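Novice: The following comprises the amino acid sequence and a computationally predicted model.
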Amino acid sequence: MKKSILFCFAVISFYFLSAQEHSHVGAQPIHFPDIVGYKTLKTDLHMHTVFSDGNVWPTIRVQEALRENLDAISLTEHLEYQPHAADIPHPDRNRAHEIALEEAKEHDLLIVQGSEITRSEPVGHNNAVFITDANKVLKDKPEQSFSEAKKQGAFVFWNHPAWHRQSPTGNPILTDFQKKRIKNDELHGIEVINTTDYSKESLAIALEQNLTIMGTSDIHGLIDWDYTEKGNHRPITLVFAKEKSLAGLKEALFAGRTVAVYNSLLVGKPEYLNPLIKASIKINSARYEKDTQVLIIEIENTSSSDLLLENAMPFSFYSKSPIFTIAAGKKETLQVKTLTELKKITLQLTALGAYTAPDLHPVIAWDISVEK
């Protein structure tokens with residue numbers, strides 16, 4: 001009897017402790033390191049629910065983001081396109097945001113109020129985030145919608161400009177409409193990654209027009225079905241903010257401190273992409289193999305992206321291809337033939353899965369002291 005009571009107590013204690021330790025982080029939580037001077041915020045600022053043309057309730061978007069360890073999301077429902085209106089009539093275009101805000105109130109997840117301005121070409125689709133009232137952004141003329149978004153202090157970015165339904169060639173077309181919006185400070189960013197598509201032409205526009213580089217899932221169904229079950233992470237925008245807050249996120253977006261990420265693809269300006277990759281690779285040790293001039297360097301990838309790298313040093317590798325992949329969260333050993341024993345070495349690797357401009361890969365350097 002006494003043993004039975006003790007066993008029951010142990011079982012109850014186990015379940016109580018398990019409940020206390022419960023986490024929303026799922027099988028594929030997303031992790032990226034901070035860079036010097038900034039916190040790295042993992043964001044998805046383009047998604048939909050049944051309040052426009054999505055397939056899920058707003059609470060699901062919050063729960064998915066918590067499972068994936070995101071820091072901020074925005075439900076950017078189409079203002080003009082409401083295919084579920086017969087089943088879910090909602091004259092208040094703020095409703096999806098309000099439901100998500102309520103769901104997230106006890107969690108450390110930032111909910112950014114946003115909407116999608118949806119028009120035919122040349123306007124296209126554009127997300128206005130950090131708005132205060134979506135109803136007022138819904139106007140007869142698109143110019144009026146952009147003007148109202150600016151009045152509300154919104155950060156506006158151009159959605160999937162390379163989408164074949166907007167541009168039959170699959171390349172973005174920068175028209176006089178976009179140029180005027182940029183000139184009027186009414187367009188601030190551009191998606192270079194949307195769902196599974198990366199557009200180097202959109203990256204070229206971002207750099208030419210000084211637009212913030214964005215990556216988004218544009219999710220309509222379930223993240224699990226569209227991404228996770230296929231072994232993928234959703235596309236996200238890493239935002240380098242001075243603090244984790246709505247104000248900090250907004251300031252960083254306007255300042256253009258971002259990197260767009262989809263699995264092993266990273267796209268951003270060198271001043272942010274290079275330190276991100278450098279921080280993602282941890283140097284665990286560096287020592288010479290006994291009685292040789294072969295330096296053994298153990299590196300570790302602390303990010304959620306597999307990193308495709310190429311040796312960019314004047315020294316070659318021993319027993320290893322100069323091009324290699326270090327998987328997310330894994331370690332790799334490099335054997336460097338230095339020809340003579342060195343006290344210090346600069347490890348230089350070209351990040352082949354990263355772009356700072358169309359067809360341009362960054363070279364990242366780590367200064368390493370050799371162990372005795």
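Specialist: Alright, I've got the coordinates.
Novice: how about the nearest residue to residue 320, chain neighbours excluded?
Specialist: residue 335 (6.3 Å; CB to CB, 6 or more residues apart in numbering). In short, each C-beta sits where N, CA and C put it, glycine included.
Novice: ok but the one you found is inside a strand, no?
Specialist: Yes. Secondary structure of residue 335 (DSSP: H, G, I helix; E, B strand; the rest coil): part of a strand.
Novice: Quick one: neighbours of it, just the number.
Specialist: Residues within reach of residue 335, counting by other CB atoms under 10 Å, total 15.
Novice: how far away is it from residue 49?
Specialist: 51 Å (CB to CB, to the nearest Å).
Novice: before we move on, what about residue 255?
Specialist: Taking CB to CB, one finds residue 255 at 29 Å from residue 49.
Novice: Over to residue 56?
Specialist: Residue 56 is 6 Å from residue 49, by CB to CB.
Novice: hmm, back to that, residue contacts, the residue nearest to residue 320?
Specialist: 289, 294, 295, 296, 297, 317, 318, 319, 320 (CB atoms under 8 Å, 6 or more residues apart in numbering).
Novice: buried stuff in stretch 192-201?
Specialist: 192, 193, 194, 195, 197, 198, 199, 201 (16 or more other CB atoms under 10 Å).
Novice: Any stretches of this structure with poor pLDDT?
Specialist: Scanning the chain for pLDDT under 70 picks out 1-27.
Novice: ok, so of the contacts of residue 335, who is nearest residue 35?
Specialist: Checking those against residue 35 by CB to CB gives residue 297 as the nearest, at 22.1 Å.
Novice: Could you check how many residues crowd around residue 285?
Specialist: 12.
Novice: That one: what secondary structure?
Specialist: strand.
Novice: how far away is it from residue 187?
Specialist: Residue 285 is 48 Å from residue 187, by CB to CB.
Novice: again with residue 70
Specialist: Residue 70 is 25 Å from residue 187, by CB to CB.
Novice: Residue 351 and residue 266, how far apart?
Specialist: 7 Å.
Novice: what do those two both touch?
Specialist: Counting by CB under 8 Å, 6+ apart, the residues touching both residue 351 and residue 266 are residue 277.
Novice: For the stretch 101-250 of the chain, just list every one of the helices.
Specialist: 134-137, 142-151, 176-183, 200-209, 223-226, 246-255 (DSSP state H, counting those that start in this stretch).
Novice: and of the ones you listed, who's closest to residue 364?
Specialist: Nearest of the helices of the stretch 101-250 of the chain (CB to CB): helix 200-209, 19.0 Å.
Novice: centre of the chain versus that closest one, how much separation?
Specialist: Distance of helix 200-209 from the chain centroid (CA atoms, centre = their mean, to the nearest Å) equals 18 Å.
Novice: and if you look at stretch 89-103?
Specialist: 24 Å.
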